[in-house]
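[1] Based on what follows, work out the 3D shape:
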Amino acid sequence: MKIGRWILLALILGAAGFAVYRYRFDKRPAEGAPVAEAPQLMVPPGTRIKVEVLNATKVRGLARRATFFLRDRGFDVVSMGTSRLQSDSTLVLDRSGHPEWASLVAKALNAKVQTRLDSSRYLDVTVLIGSNWRPPALPFYP
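    All right, here's what the predicted structure looks like:
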């Protein structure tokens, strides 16, 4: 009789554990809830555009949010940080002499492009995130 009780207890605990697992880790959106669409890739196939993102504002974490935003669109963000200069508008700097690549980044961020060639940086584009850039309203990774 004792073995039967242990088996029953094990089955009940297993079912409870499975229910908790499904509740916590099954992240299907509720019916009628807004679903974020996958962002459209902007980088041409077979192209690697190396990007540096610098926060040129006093808002903490803006470079990180812009990094996620650009990576979701296919850009290879190799570095992020904070700029010493403060800026109101977002600026995209062409570093490698590929203005079409800089214009793709600028189109994604709705920014202006300037050419400032610098072959010592080993990257194609530098982005200075200004205070006019707003991250998307929906969360990146719900």
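[2] Let me see the ranges of the strands in this structure.
    For the chain, strands defined by DSSP state E occupy the ranges 50-55, 76-82, 91-94, 112-115, 125-129.
[3] Kindly compare burial across the ones you listed and name the winner.
    The highest mean neighbour count among the strands of the chain, using mean count of other CB atoms under 10 Å, belongs to strand 125-129: a mean of 26. For every residue, glycine as well, the C-beta is placed using N, CA and C.
[4] tell me the mean pLDDT over that strand?
    Average pLDDT, strand 125-129: 96.
[5] Take the strands of the chain and write them to TSV, including distance to F69.
    Shown next, in TSV, are the strands of the chain (distance: least, CB to CB, whole Å):
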stretch	distance to F69
strand 50-55	9
strand 76-82	9
strand 91-94	13
strand 112-115	17
strand 125-129	10
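[6] so which of those comes closest to Y23?
    strand 76-82 (35.0 Å; CB to CB).
[7] what's the offset of that closest one from the middle of its chain?
    With CA atoms, centre = their mean, to the nearest Å as the basis, strand 76-82 stands 12 Å off its chain's centre.
[8] Can you pull out the residues in contact with stretch 50-65?
    66-67, 70, 75-83, 85-87, 91, 105, 121-131, 133, 135, 140 (CB atoms under 8 Å, 6 or more residues apart in numbering).
[9] again with stretch 42-49
    Contacts of stretch 42-49 (CB under 8 Å, 6+ apart): 73-76, 98, 101, 104-105, 107-108, 124-125.
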